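> Sequence isn't available, so here's the structure alone:
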């Protein structure tokens, strides 16, 4: 069942280790098959070392129930599902505890757009959610994490495909994309940009970027007349 | 004698190198066999490169005397023994000089609970001991290091299994756990959390976390109704 | 066509990965053959993994048109060409998004000459360009990036071979040299110096260096009576 | 000639690369044979990759002249010789541009004794020299670098074997020891301690250590009743 997607999700999880954004069992990546309404996700608390496609867990998008798999799915599954339900274009979701991104999350700060590295992938500040309330945490915490991500996106009138990541306050980054591997790519860039921004703010707390530079860099890669890369 | 425990302790010491929290001969891990009242610990000042289970030293929990082994035990042995004597549930102890944790120790600051990475393993601030007095340092320094760790834990009314680590002022981190490898795991997380917190405090010196987030994350992994990981 | 130069340019691009100053498809290196007026450059958005000399693209120095190659050239090609056109002695150009150099670019700050590591390769501050105007960004952005680099060099009356690098505001570093590999060498040193300077400024925001130390170190490697290295 | 010492010096140079404290051709290590009054040192500006014992250069301690070798000796040779001439017990000298130590050098600050990692190897602050004067730089720069190191040591009434390293203002660290490899060991520890101190000072600019802790840690490894390590 969904063998190709399981392989993609497994590869994307292992890429987290290769890129140095997770240690131990931290982090998780999922992917969705829109036709069947099934989501493939990393099992909870399992070592990356020796992880195989058949270890992935298949869950139902609408109910969250396990459809196939010998393990429990990631404890963050409800957050992933919430994002897939709300945004049709998202086909991969990832969560990490990468150090610099977590620093922004713990500081309760957006990762500001300050340069072209950021603008090449994220068309504006990478927002930080509000803190969850006591009730939201105690009842359906992971579901409410998904809801507060969506609330933040909606309040900012933000296109989630143009800013494919966020930091959840006191927690860490979530990123997404057009495939599991694309989501991981965004998580890695988000971490690099967080490190650049932390260092920039040490040098100059008032650093900013002009909107037209942001427009130019984002559009040369992602706009209708994009000319970065190959056809 | 205690061949299985020697292997565990040796493996846990080598894991310190693999995870990048020690260089040269720095750091030491021990494990205890509660039935016999014997502790297995790394030899003092020996290279990790080529270290074998038979290099481990067996000492008596109550007297500290060498029961078996060709080397002197770690110079920090008395600190380890003090922790084993006071807390029955501790089965592994580790000491490192990992950079970010040492920075907090040298600053005389607790590593504050600021996020869910911390809360997944440490149920509250990782405390910093007071400075040892001149007398404590000059007489039985390593024993008194153990005593000041315990004093700090007791004064805070802290459950050492819920906050399995501490930083000793001007010195560095000690961590412990339910096995030698589990102690190392905690030492590695403690170092990651210290780096996250240092960076967070640069961005926002007033960062905090709500108690209910701490409760939720700690309890979803360690509480009676834990649902992280596999059964 | 230009097989030897293609190999040099390919090797120099791969060196960026080895030295840890690029990830993914970021960064680009080019080299020039002054006799034929042809420039060899990395293709746009292509993975370094498995990159071969035959993937390099040959473009005309004056027109920028592709003379040979199966890929589109780097989107930054116009910047490279502008530097080659203006400065005869430049034979290699490189652009990266290395983290510490980008921090200075995003902060809008020169990388100040503060020590002998800097002085061994850069005979004075590594300048930061002004921000490009809206018009400059919207019309011929990459060409204007080259122009603002040259404008900065000219305004400072700077010898580009004595200070073989710059940071473009909100963007990142460009470096150059007497060959593609020499340009990469300068990009790597620029990144190291940026990290040293960031850390220096944390310790002492008023750090400076005497001009005569700068003179001495630069000249012992690059002056008429240089005595560093071998004959 | 001095084949064993050449091997030691070559190995110590290569250890600089393994420990990550040098890149490219930066850094240099030497060793002395006190009986013959000959010093073996790394050649100037030669890659570490493929470096062999026979590449080492033998120079005369008193005259600095090349006694054997196909290359020019390190441009810092005069600094090394000055240290060997003044201090009988030094048998190895090393110079690096390691990032955190350079930050202190560029900031013009001593690396303060703030913790036990420092105290295990350096019995007090690692001093920073004064700036060299214009005359000192222009005439016999490398010799005067040696002289200002010695001046600093003498002014502080410091035992160079108890504090086996220093940072030269605006330049970087020099370290020494009882063998070439021991000197490298000290250079690596100096860099680790510099990173710890930089991070400590970010957290607490007023951090200090009690003299009796310094005494205890230094003495348990190096005092007459040392008990760290093996007999």
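Now that the structure is in, tell me what you want to look at. None of these values were measured; they are calculated from a predicted model.
> can you point me to the longest helix in chain A?
helix A:180-203 (DSSP state H).
> That one and chain B, are they touching?
Yes. Judged by CB under 8 Å from any CB of the partner chain, helix A:180-203 and chain B are in contact via A:198, A:201, A:202. All C-beta spots, glycine's among them, are computed from the backbone N, C-alpha and C.
> start to end distance for stretch A:173-189?
Counting by CA to CA, to the nearest Å, you get 11 Å between the two ends of stretch A:173-189.
> Check which residues of it are buried.
Of the residues in stretch A:173-189, A:173-177, A:179-189 count as buried by neighbour count, 16 or more other CB atoms under 10 Å in any protein chain shown.
> Please identify which pair of the residues you listed lies farthest apart.
Farthest apart among those by CB to CB are A:173 and A:179. That separation is 18.0 Å.
> In contact with the residue of chain A found nearest chain B, which residues?
When scored by CB to the nearest CB, chain A has residue A:45 as its residue closest to chain B, at 3.1 Å. When contacts are counted by CB atoms under 8 Å, 6 or more residues apart in numbering or on different chains, residue A:45 is found next to A:25, A:75, B:228, B:229, B:230.
> Could you do residue A:73 as well?
So residue A:73 contacts A:41, A:42, A:43, A:44, A:57, A:59, A:66 (CB under 8 Å, 6+ apart).
> and these, which are buried?
Applying 16+ other CB under 10 Å to those flags A:41, A:42, A:43, A:44, A:57, A:59 as buried.
> among these, which are in strands?
Assigned to strands by DSSP state E, the following of the buried ones among the contacts of residue A:73 qualify: A:41, A:57, A:59.
> Return the closest of those residues with respect to chain C.
residue A:41 (24.6 Å).
> Not counting its neighbours along the chain, what's nearest residue A:73?
residue A:57 (4.1 Å; CB to CB, 6 or more residues apart in numbering or on different chains).
> What's opposite the one you found in the beta bridge?
For residue A:57, the beta-bridge partners are residue A:41 (DSSP bridges).
> Wait, it touches residue A:68, no?
Yes. Assessed by CB atoms under 8 Å, residue A:57 is found in contact with residue A:68 at 7.4 Å.
> Now secondary structure and distance to residue D:124 too, for the contacts of residue A:45, in TSV please.
Shown next, in TSV, are the contacts of residue A:45 (DSSP: H, G, I helix; E, B strand; the rest coil; distance: CB to CB, whole Å):
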residue	secondary structure	distance to residue D:124
A:25	coil	44
A:75	coil	50
B:228	coil	48
B:229	coil	49
B:230	coil	53
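> Would you reformat the residues you listed as JSON lines and include pLDDT, distance to chain D and neighbour count?
Formatted as JSON lines, the contacts of residue A:45 follow (pLDDT from 0 to 100; distance: CB to the nearest CB, whole Å; neighbours: other CB atoms under 10 Å in any protein chain shown):
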{"residue": "A:25", "pLDDT": "94", "distance to chain D": "27", "neighbour count": "18"}
{"residue": "A:75", "pLDDT": "95", "distance to chain D": "32", "neighbour count": "19"}
{"residue": "B:228", "pLDDT": "86", "distance to chain D": "31", "neighbour count": "18"}
{"residue": "B:229", "pLDDT": "87", "distance to chain D": "33", "neighbour count": "15"}
{"residue": "B:230", "pLDDT": "86", "distance to chain D": "37", "neighbour count": "10"}
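> ok, now which ones touch the residue of chain A found nearest chain C?
Going by CB to the nearest CB, chain C is nearest to residue A:229 of chain A, at 3.1 Å. Taking CB under 8 Å, 6+ apart, we find residue A:229 in contact with A:221, C:25, C:44, C:45, C:72, C:75.
> One more: residue A:202?
B:202, C:103, C:198, C:201, C:202.
> returning to what we had before: chain center to the longest helix of chain A, what's the gap?
12 Å (CA atoms, centre = their mean, to the nearest Å).
> quick check, the next helix or strand after it touching chain C?
Per DSSP states H and E, the first helix or strand lying C-terminal to helix A:180-203 is helix A:211-222. Yes. Counting by CB under 8 Å from any CB, contacts between helix A:211-222 and chain C involve A:212, A:213, A:216, A:220.
> So which elements touch the worst-scoring helix or strand of chain A on mean pLDDT?
When the helices and strands of chain A are compared on mean pLDDT, DSSP states H and E, helix A:211-222 comes out lowest with a mean of 93. Applying 3 or more CB pairs under 8 Å, 6 or more residues apart in numbering or on different chains; DSSP states H and E, we find helix A:211-222 packed against helix A:116-119, helix C:134-138.
> Would the shortest one count as contacting chain C?
Yes. Using CB under 8 Å from any CB as the criterion, contacts between helix A:116-119 and chain C involve A:116, A:117.
> list the buried ones in that helix?
A:116, A:117, A:118, A:119.
> counting contacts, what elements does it pack onto?
Helices and strands touching helix A:116-119, by 3+ CB pairs under 8 Å, 6+ apart, are helix A:180-203, helix A:211-222.
> Other residues contacting it?
A:111, A:113, A:126, A:189, A:192-193, A:196-197, A:209, A:213-214, A:216-218, C:26, C:97, C:102, C:170-172.
> The longest helix of chain A vs helix C:180-203, what angle?
50 degrees (axes from the mean of the first three to the mean of the last three CA atoms, to 10 degrees).
> Using TSV, lay out the residues of helix A:211-222 next to chain C together with distance to residue D:32 and neighbour count.
As requested, the residues of helix A:211-222 next to chain C are exported to TSV (distance: CB to CB, whole Å; neighbours: other CB atoms under 10 Å in any protein chain shown):
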residue	distance to residue D:32	neighbour count
A:212	63	17
A:213	57	21
A:216	60	21
A:220	59	19
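> distance between the ends of stretch A:149-169?
End to end - CA to CA - stretch A:149-169 spans 10 Å.
> helix or strand for the residue positioned nearest the centre of chain A, which one?
The centroid of chain A falls nearest to residue A:175 when counting by CA atoms, centre = their mean (1.2 Å). Using DSSP H and E, residue A:175 sits in strand A:172-177.
> what about stretch A:95-108, near chain B?
Yes. Counting by CB under 8 Å from any CB, contacts between stretch A:95-108 and chain B involve A:97, A:99, A:100, A:102, A:103, A:104, A:105, A:106, A:107, A:108.
> who in chain A is up against chain D?
For chain A, the contact set with chain D under CB under 8 Å from any CB is empty.
> Chain B contacts on chain A?
So far as CB under 8 Å from any CB goes, chain A lies against chain B at A:23-26, A:43-46, A:71-72, A:75, A:97, A:99-100, A:102-109, A:131-132, A:134, A:137-138, A:141, A:170-172, A:198, A:201-202.
> Show the buried residues in these.
A:23-26, A:43-46, A:71-72, A:75, A:97, A:99-100, A:102-109, A:131-132, A:137, A:141, A:170-172, A:198, A:201-202.
> low pLDDT regions in chain A?
Within chain A, no range satisfies pLDDT under 70.
> ok, 80 please
Residues of chain A meeting the criterion pLDDT under 80: A:231.
> Quick check: the residue of it nearest chain D.
Closest point on chain A to chain D, by CB to the nearest CB, is residue A:202, at 9.3 Å.
> For residue C:107, see how far away that residue is.
According to CB to CB, to the nearest Å, residue A:202 stands 8 Å off from residue C:107.
> now residue A:222
26 Å.
> My read is that residue A:110 contacts residue A:126, right?
Yes. Using CB under 8 Å, residue A:110 is in contact with residue A:126, at 6.1 Å.
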